[in-house]
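S.K.: Next input, structure requested:
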Amino acid sequence: MTITRLDHILFLASVFCFWLATYIYVPIFSLYLEQISFPYAAIGIILGSYGVLQVALRFPLGVLSDRLRSIRKGLYVSGFVIAAISGLILVFF
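M.R.: Below is the predicted model of the structure:
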């Protein structure tokens, strides 16, 4: 199987979209919480817990994904779908 230039472009585009969907929340969500008069301590706890979970779960889930090669594509697609749904929830609610 030969990897083409289009394969590289699609891969880079999907990685960009995934990371954008993952990390766009922090700057937007913090401003939103401040706008609706959330206490700064609560904003700090929410954003801090997000960061801690990213650090604690990213590596183990990446290793698990590598071990589950047979369903890797399903994991990627479900990750994109969940990111899209959570983005829509953030926009509409």
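
S.K.: neighbours around M1, how many?
M.R.: As a burial measure, M1 scores 4 neighbours (other Cβ atoms under 10 Å). Backbone N, C-alpha and C define where each C-beta goes, glycine included.

S.K.: So for it, what's the pLDDT?
M.R.: Reported pLDDT at M1 in the predicted model: 81.

S.K.: show me what contacts it?
M.R.: With contact set as Cβ atoms under 8 Å, 6 or more residues apart in numbering, M1 has no partners.

S.K.: quick check: longest helix of the protein.
M.R.: Of all the segments assigned as helix in the chain under DSSP state H, the longest by residue count is helix 40-67.

S.K.: In that one, which residues are buried?
M.R.: Within helix 40-67, the residues that qualify as buried are 43, 47, counting by 16 or more other Cβ atoms under 10 Å.

S.K.: Same question for the following helix or strand past it: list its buried residues.
M.R.: Following helix 40-67 in sequence order, the next helix or strand is helix 72-92 (DSSP states H and E). Applying a neighbour-count criterion of 16+ other Cβ under 10 Å, one finds A83 buried in helix 72-92.

S.K.: what's helix 72-92 in contact with?
M.R.: Counting contacts by Cβ under 8 Å, 6+ apart, the residues outside helix 72-92 that touch it are 14, 17-18, 21-22, 24-25, 28-29, 65, 68.

S.K.: And those residues, which is closest to G48?
M.R.: Looking at these and their distance to G48, the nearest is F29, at 12.5 Å (Cβ to Cβ).
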